[in-house]
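[1] Predicted model and sequence follow; I will ask about them next.
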Amino acid sequence: MKLQVPGFKAGAVAAGLKKDGSKDLCIIFSEVPACAAGVFTTNQVQAAPVLLSKERIKSGRCQAVVANSGSANACTGKQGIEDAEAVARVAAEALGIPEELVQVASTGVIGRPLNVSAIKAVMPKLADQLSPTGLYDVAQAIMTTDTVPKTVSKQGSIGDKTFTVAAVAKGAGMIQPNMATMLCFVCTDIGANLDLLGQALNDAVATSFNTITVDGDTSTNDTVLLLANGLSSLSLDEAACATAFQKILNEILFTLALQIVRDGEGATKLADIRVTGASSKADAARVAYTVANSLLVKTALFGEDANWGRIMAAVGRSGVPITQGRIDICFDNVYMVKNGQGCGEDAEAAATGVLKADRFTITIDLKMGNKAATVHTCDLSTDYVRINADYRS
């Protein structure tokens, strides 16, 4: 379906913040003030736009989001906060709305000051060209090392009434959200109050962005914003509507999360690391993340090498109590390890065949309990090193 939501307009322009001259400044605008909720990075080093937006989101109201790529506006001190406020102010003036209803987000190089004068110069033009179909332009404008825009849209219905949810995201490196550099903006025409909307967003993030990793790095700028303008005739106050909305929101954010992993810097494989038989869900997640972030495991996946010993070693250093002689490891349906020991050359040959696919599941059964968790990751290729070795140059 089309990437648009009733009552929302969006657009993007090139302000000269990126060296390549591509779109780098965008706005999402609701024709009426929307209920808004947000989730932000848990990194203790937080960018100026995160600090400003965390404060403003407390009101539960938002009418516009202005975002830029090319500069993260992080580690820029007092000037960074003033610059973020200035961008919000000039956007509010161009849109004719109160400044406090503008949220800001940035992505790009940490420590690079924001070029506010360039943003001010193009803001009127940007505000004038907003369109109901402009969300795809937003997805393009927030890209950094992304190779493709990340978008998704779905409709839900209760009886003969419908609501729409559309979202855009960016992220390819510095990805292990603890809520990567990752931005996500979600628009819906459903009606909501802050408590219900915030809970719905937190629940959806927990099962999507908080289950992925590209390189184990949590960004200074991670931001997920959800705006609900209430222009449909449905509301989260109705139980059936809340259930339907939560299902669609979960699906949308999970779809975007997998798009981010698939587009991981230099990635060629999408691997689902599933840990079962843990004594607690936290233990299962800890083991899964240790394996998913292991450089040795990730490089083996890139080389299509079914090196199960690297997986066993990662499990063993996770800090979770295990019994080595109980562990089973499968690559899709191929057993590589049973009760802590390898299954032989035939199994390795079959597992190598599994690794030639662009997506597969590695299952690790600890046999210590009945809890499970899954983390979605990618391989680590030579291109990851190349991309990040000269990211600033």
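    Thanks, I have it.
[2] domains for this structure, by residue range?
    Domains of the chain are assigned by automatic domain parsing as 8-262, 270-389.
[3] Mind putting those domains into TSV with mean neighbour count, mean pLDDT and distance to residue 2?
    In short, each C-beta sits where N, CA and C put it, glycine included. Formatted as TSV, the domains of the chain follow (neighbours: other Cβ atoms under 10 Å; pLDDT from 0 to 100; distance: least, Cβ to Cβ, whole Å):
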stretch	mean neighbour count	mean pLDDT	distance to residue 2
domain 8-262	21	94	7
domain 270-389	18	95	27
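[4] who's in contact with residue 99?
    By Cβ atoms under 8 Å, 6 or more residues apart in numbering, residue 99 lies in contact with 88, 89, 92.
[5] For the second one, give me its contacts.
    With contacts defined as Cβ under 8 Å, 6+ apart, residue 89 is in contact with 99, 102.
[6] Secondary structure element holding it?
    Assigned by DSSP states H and E, residue 89 falls within helix 77-95.
[7] Residue 265 is in contact with residue 144, isn't it?
    No. If you go by Cβ atoms under 8 Å, residue 265 and residue 144 don't touch, sitting 9.8 Å apart.
[8] Which strands or helices does the lengthiest helix in the chain pack on?
    Using DSSP state H, we find that the single longest helix of the chain is helix 239-262. Contacts defined by 3 or more Cβ pairs under 8 Å, 6 or more residues apart in numbering; DSSP states H and E place helix 239-262 against strand 150-158, strand 161-170, strand 183-188, helix 194-206, strand 270-278, strand 371-378.
[9] centre of the chain versus it, how much separation?
    How far helix 239-262 lies from its chain's middle: 12 Å, per Cα atoms, centre = their mean, to the nearest Å.
[10] of all the contacts of residue 99, which comes closest to residue 206?
    Among the contacts of residue 99, residue 88 lies closest to residue 206 (Cβ to Cβ), at 28.8 Å.
[11] Would you quantify the distance from residue 183 to residue 143?
    10 Å (Cβ to Cβ, to the nearest Å).
[12] any shared contact partners between the two?
    Between them, residue 183 and residue 143 share these contacting residues under Cβ under 8 Å, 6+ apart: residue 170.
[13] Does residue 230 touch residue 189 like I think?
    Yes. The pair residue 230 / residue 189 is scored as a contact, 7.1 Å apart, by Cβ under 8 Å.
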